[in-house]
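> need coordinates for the following:
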Amino acid sequence: MKLLTRIEKSKNFWFLFILLFGFFLLRLPSLIEPYWYGDEGIYQTIGLAIRDGKLLYRDIWDNKPPLLYLAYALFWSDQFAVRAFSLCLGTLSLISFFFLAKNLFKQQKTVWTTTTLYGILFGLPILEGNIANSENFMLLPIISASYLLIRSVAKSYKNMLPFFGAGLLLGIALLFKVVAVFDFAALLLFLFFVERKKSPIVKTAIGFTVGFLLPMSLAAAFFLSNGAFSEFFSASFTQNVGYVGYGNKFLFANGLLVVKLFFMGAFLLFLFIKRNSIFPSHLFIFVWLAFSLYNAFFSQRPYTHYLLVLLPSFCLWIGLVGETILRKQRERTIIYTLITGVLLFLLSQNFWVYGKITSYYQNALLFLTNKKSVEDYQAFFDRKTPHDYQIAQFIKGRRTKNEAVFIWGNNAQVYVLSQTLPPGRFTVAYHMTYSKESLKETASILQETKPRFLIVMSYMDPIPFTLSGYTPRITLTQATIYERRF
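Got it, this is the predicted structure:
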């Protein structure tokens, strides 16, 4: 009882309670969104396929590590359930971030400000926090790993287990998306930067690294034992090389990536030289921010959710700037403010952000109060969304159990809405056309399985597969549905 009384009187408790409640309210509309987001449609379809007994990568394919799809499979690809799970993990990440900030900053104002900033930016749809993408699931293990490491460094490496635990958490994040390797590199480098003569740095680094590699090693062993290691390795790692290389072409393949690596390396070298004159907490923020920036710009694509990997370190950076201002350190304030301005400019020029914030919440409120039709509510997110529901309704009422449906389009969510699965590994057209091999594989599967319905979306290029044996059944606003004649 005394403990509960102390907690209730704690300012930090009430601060967190109010902030968490606000975070919940900001995310609440995301739970009732329609099935509209293309990437989620892929994850949902794969989740259903896994539930149907298909082996990831061999029988159903996407180019990310396995844990994201397992999360969707866990909840039967139900969007409400997956989004609710994402909300829970986001709430826990907010708590972890608070304790991380508390270990980095001495002033309570700074801790509260940085945590509030993180909660607001992660809660609003501005960075696609409302979407259940890999980045949303990664933040909790990454922030928790950072907290464990900072706490252990402060205790002068007396216990090795937290370092293994921190590595393990980052290894779990890696199973959601491979870019977690940059967070691992940042924390590992920080360990070497703050090395002291009495600290068993090699032993610590080995424990940290073993923990990091363990989850991916177990995943690799699973797919190896099931005869799908090459597909797993290709999807999780090698196929992303071309994706990254496309946006980073400058003078030569991946030239821009080398330029970015040079600037990051130069900055880290400067930090290493000056490391003894920088507070460890500040050094941690500098190193993590550098790697997070490299992470966000890694593929040189403007996608909004890529900014989420930068969010924790950027919020800590803002806290550092604020603390410098409070301490009236004039020169540092000027330098840090200029750096912040440059960062914001670069981010604004290279990334999309969701700008319809007010309209987003207004749309949900009007729908919940019966002042907006279902179709208009769905169309707010994407004009094609009502048509996806229309297609799914047509298919769902006419197919029999276990009948496959093929969609020539990039709206895999129709599979989920109609409770069907694609006949082959690929769920969307841009995966089928990725290479000559994938196109040939899809054509072969269609010839072999002859799905009852072929759905050709009107906004797509002409379908590259034969329609012999099929006749147009119905033409909808956004699609023509063909039915097998025999």
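
> where does the stretch 51-200 of the chain dip in pLDDT?
Low-confidence segments of the stretch 51-200 of the chain (pLDDT under 70): 156-158, 196-199.

> any idea where the helices of it begin and end?
For the stretch 51-200 of the chain, applying DSSP state H, counting those that start in this stretch gives helices covering 67-74, 79-104, 108-123, 134-154, 161-174, 180-193.

> flag every buried residue along the shortest one.
Neighbour-count burial for helix 67-74 flags 67, 68, 69, 70, 71, 72, 73 (criterion: 16 or more other CB atoms under 10 Å). All C-beta atoms are positioned from the backbone trio N, CA, C, and that covers glycine.

> show me what contacts residue 228?
Counting by CB atoms under 8 Å, 6 or more residues apart in numbering, residue 228 touches 55, 56, 57, 58.

> which one of those is nearest residue 450?
Here the nearest of these to residue 450, counting by CB to CB, is residue 58; it sits at 21.7 Å.

> grab the nearest non-local neighbour of that closest one.
Of all residues not flanking residue 58 in the chain, residue 228 sits nearest, at 4.1 Å (CB to CB, 6 or more residues apart in numbering).

> same question for residue 476.
Going by CB to CB, 6+ apart, residue 476 has residue 390 as its nearest residue, at 5.8 Å.

> number of residues surrounding the one you found?
By other CB atoms under 10 Å, 17 other residues sit near residue 390.

> any idea how far it is from residue 416?
Distance of residue 390 to residue 416, given as CB to CB, to the nearest Å: 15 Å.

> ok, now residue 311?
Counting by CB to CB, the gap from residue 311 to residue 416 is 29 Å.

> any buried residues in stretch 299-307, and which?
Buried, per 16+ other CB under 10 Å, within stretch 299-307: 299, 300, 301, 304, 305, 306, 307.

> what's next to that stretch, contact-wise?
Counting by CB under 8 Å, 6+ apart, 127-128, 131, 133, 135-136, 243-244, 247-248, 256-257, 296, 347, 350-354 sit against stretch 299-307.

> for residue 299, give me phi and psi.
Backbone torsions for residue 299, taken as degrees, to the nearest 10, come to phi -90, psi -10.

> let's number from 338 now, not from 1
Shifting the count to begin at 338 puts that one at residue 636.

> and for residue 397, the neighbour number?
That count, for residue 397 with other CB under 10 Å as the rule, works out to 23.

> go on, residue 551?
Residue 551: 15 neighbours (other CB under 10 Å).

> so where's the stretch 538-687 of the chain uncertain?
579.

> the host helix or strand of residue 570 - contacts with which helices or strands?
Assigned by DSSP states H and E, residue 570 belongs to helix 566-570. Counting contacts by 3 or more CB pairs under 8 Å, 6 or more residues apart in numbering; DSSP states H and E, helix 566-570 is packed against helix 538-562.

> and the chain, what are its domain boundaries?
Domain segmentation of the chain under automatic domain parsing yields 339-369+400-687, 727-821.

> wait, doesn't residue 405 sit right on residue 472?
No. Counting by CB atoms under 8 Å, residue 472 is not a contact partner of residue 405; they are 10.0 Å apart.

> in the helix holding residue 570, what counts as buried?
566, 568, 569.

> about what we covered before: between the helices of the stretch 388-537 of the chain, which gets nearest to residue 548?
Using CB to CB, the nearest of those to residue 548 is helix 498-511, at 2.7 Å.

> okay, the angle between that closest one and helix 416-441?
Per axes from the mean of the first three to the mean of the last three CA atoms, to 10 degrees, the angle that helix 498-511 makes with helix 416-441 is 140 degrees.

> centre of the chain to helix 498-511, how far?
From the chain centre to the centre of helix 498-511 is a distance of 18 Å (CA atoms, centre = their mean, to the nearest Å).

> tell me which residues of stretch 415-423 are tucked away?
Those buried within stretch 415-423 under the rule 16+ other CB under 10 Å are 415, 416, 419, 420, 421, 422, 423.

> so what sits against both of residue 405 and residue 472?
Joint contacts of residue 405 and residue 472 (CB under 8 Å, 6+ apart) are 513, 514.

> for the residue nearest to the spatial centre of the chain, give me its contacts.
Central residue of the chain (CA atoms, centre = their mean): residue 472, 1.9 Å from the mean position. Applying CB under 8 Å, 6+ apart, we find residue 472 in contact with 513, 514, 642, 643, 645, 646.

> got TSV for the residues you listed, with distance to residue 459 too?
What follows is these, written out as TSV (distance: CB to CB, whole Å):
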residue	distance to residue 459
513	16
514	17
642	11
643	14
645	7
646	12
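
> among these, name the ones in strands.
Using DSSP state E, no member of the contacts of residue 472 falls in strands.

> list just the nearest of these to residue 610.
Among these, residue 646 lies closest to residue 610 (CB to CB), at 27.1 Å.

> nearest to residue 709, out of the domains of the chain?
Going by CB to CB, the one of the domains of the chain nearest residue 709 is domain 339-369+400-687, 12.2 Å.

> from residue 721, how far out is residue 814?
Taken as CB to CB, the span from residue 814 to residue 721 is 9 Å.

> and residue 688, by the same measure?
24 Å.

> which of these two has more neighbours?
Between residue 688 and residue 721, counting by other CB under 10 Å, residue 721 is the more crowded of the two (21 against 18).

> now the closest residue to the more buried one other than its chain neighbours: phi and psi?
In space, and not counting its chain neighbours, residue 721 is closest to residue 815: 5.8 Å by CB to CB, 6+ apart. When read as degrees, to the nearest 10, the backbone of residue 815 gives phi -110, psi 0.

> residue 796 is in contact with residue 815, correct?
Yes. At 6.9 Å, residue 815 counts as touching residue 796 under the criterion of CB under 8 Å.

> shared neighbours, the two?
Shared contacts of residue 815 and residue 796, counting by CB under 8 Å, 6+ apart, come down to residue 721.

> of those two, which one has the most company?
residue 815 (20 against 10).

> quick one: contacts for the more buried one?
Contacts of residue 815 (CB under 8 Å, 6+ apart): 721, 724, 725, 728, 794, 795, 796.

> please enumerate the strands of the stretch 638-787 of the chain.
Ranges of strands within the stretch 638-787 of the chain are 742-745, based on DSSP state E, counting those that start in this stretch.

> compile the helices of the stretch 388-537 of the chain into CSV and extend it with columns for distance to residue 767.
As requested, the helices of the stretch 388-537 of the chain are exported to CSV (distance: least, CB to CB, whole Å):
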stretch, distance to residue 767
helix 404-411, 18
helix 416-441, 22
helix 445-460, 29
helix 471-491, 18
helix 498-511, 25
helix 517-530, 25
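
> of all the ones you listed, which one comes closest to residue 627?
Per CB to CB, nearest to residue 627 of the helices of the stretch 388-537 of the chain: helix 517-530, 7.4 Å.

> what are the buried residues along that closest one?
517-528, 530.

> contacts for that helix next, please.
By CB under 8 Å, 6+ apart, helix 517-530 touches 475, 479, 482-483, 486, 490, 500, 503-504, 507, 510-511, 538, 541-542, 545-546, 549, 605, 608-609, 612, 620-621, 624-625, 627-629, 631-632, 635, 646.

> in this structure residue 450 contacts residue 659, no?
Yes. Counting by CB under 8 Å, residue 450 does reach residue 659; the two are 5.8 Å apart.

> mind listing what's buried along the host helix or strand of residue 577?
Per DSSP H and E, residue 577 falls inside helix 576-584. Buried residues in helix 576-584, counted by 16+ other CB under 10 Å: 577, 582, 584.
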